[in-house]
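Participant: can't give you the sequence, but here's the structure:
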């Protein structure tokens, strides 16, 4: 008969689970913060201009030539 193994939950995971259960508004605040910082519309023309202006790097960057 195999032993029943309890799934391991770290202290950090337990802390976060308890924090989110005590403060359910945190998840919505996290999502709004992510949207403010990272979820931005991308400009394809600007990205293409940046790629076109890129200067290729030399094989040995510390040389004089």
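Facilitator: Looks like it came in fine. On a predicted model such as this, the values are computed, not experimentally measured, just so you know.

Participant: Could you list the single helix or strand in this structure with the lowest mean pLDDT?
Facilitator: helix 25-37 (a mean of 90; mean pLDDT, DSSP states H and E).

Participant: What residues sit buried inside the helix or strand following that helix?
Facilitator: Once the chain leaves helix 25-37, the next helix or strand it forms, by DSSP states H and E, is helix 44-52. Neighbour counts over helix 44-52 (16 or more other CB atoms under 10 Å) mark no residue as buried. Any C-beta I mention is one placed from the backbone N, CA and C, and that applies to glycine too.

Participant: Going forward, count from 22.
Facilitator: In the new numbering, first residue 22, that becomes helix 65-73.

Participant: For helix 65-73, what is the distance to the chain centroid?
Facilitator: In terms of CA atoms, centre = their mean, to the nearest Å, the centre of helix 65-73 is found 24 Å from the chain centre.

Participant: Please apply the same query to stretch 51-63.
Facilitator: 11 Å.

Participant: One more: stretch 25-42?
Facilitator: 22 Å.

Participant: again with stretch 36-54
Facilitator: On CA atoms, centre = their mean, the centre of stretch 36-54 falls 17 Å from the chain's centre.

Participant: what's the helix or strand for residue 37?
Facilitator: Secondary structure (DSSP H and E) places residue 37 in helix 32-43.

Participant: And that helix, what does it pack against?
Facilitator: helix 46-58 (3 or more CB pairs under 8 Å, 6 or more residues apart in numbering; DSSP states H and E).

Participant: Output the contacting helices and strands for the least confident helix or strand of the chain.
Facilitator: Using 3+ CB pairs under 8 Å, 6+ apart: helix 46-58 touches helix 32-43.
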